[in-house]
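1. sharing a model prediction with you, sequence too.
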Amino acid sequence: MNNGMPQHNILSKKVTLAEDVKAGQVISFSGYLATTGEQGKQPAGVAMYKGKKGESIAIMTIGFIAIPASEPLQVEDRVKVINGNISKAKDPAQAFATVSDVVNNSSVELALNYQPIPPVVPLDLPA
């Protein structure tokens with residue numbers, strides 16, 4: 001996944017994969033290739049390593065990371081995710097990240113936005 005640009009990892013999380021992934025793909029907290037707006041597959045972070053279903057890998061949730069782009073993007077474009085890959089978000093509410101640099105025609109650096117982990121419902125414990 002090294003595209004000649006250093007990554008700046010501020011926060012990463014461990015995720016158990018629900019399917020095979022490649023380094024640089026966007027993953028949900030449930031371990032699936034992410035798709036913006038799809039229940040259980042909301043984008044959480046970028047896979048830092050390739051992995052197979054059932055393995056645990058690190059995903060970067062906050063920071064700057066260079067990843068493949070399937071279409072031409074420009075600095076400050078906001079991106080959404082479809083099947084683990086980024087594309088330009090026409091609706092700002094869909095934005096998972098912002099393009100901070102264009103590495104070349106097939107790779108961009110993203111400034112990742114934090115995607116909070118869904119809240120845990122507390123158990124009612126006896127007093």
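-> Now that the structure is in, tell me what you want to look at.

2. count of residues packed around Ser107?
-> Residues near Ser107, counting by other CB atoms under 10 Å, number 18. C-beta: built from backbone N, CA, C; applies to glycine.

3. which non-adjacent residue is nearest Gly51?
-> In this structure, Gly51 finds its nearest non-sequential neighbour in Ile57, 4.2 Å apart by CB to CB, 6 or more residues apart in numbering.

4. the longest strand in the chain is where?
-> In the chain, assigned by DSSP state E, the strand with the most residues is strand 56-68.

5. other SSEs contacting that strand?
-> strand 8-16, strand 45-47, strand 97-104, strand 107-112 (3 or more CB pairs under 8 Å, 6 or more residues apart in numbering; DSSP states H and E).

6. which strands border the longest one, and is each parallel or antiparallel?
-> Looking at strand 8-16 with DSSP bridges, its paired strands and their directions are strand 56-68 (antiparallel).

7. same deal with the shortest one?
-> Paired strands of strand 45-47, with direction, are strand 26-27 (antiparallel), strand 56-68 (antiparallel) (DSSP bridges).

8. could I get the ones you listed as a markdown table with mean neighbour count, mean pLDDT and distance to Lys50?
-> Shown next, in a markdown table, are the strands paired with strand 45-47 (neighbours: other CB atoms under 10 Å; pLDDT from 0 to 100; distance: least, CB to CB, whole Å):
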| stretch | mean neighbour count | mean pLDDT | distance to Lys50 |
| --- | --- | --- | --- |
| strand 26-27 | 30 | 95 | 11 |
| strand 56-68 | 20 | 89 | 8 |
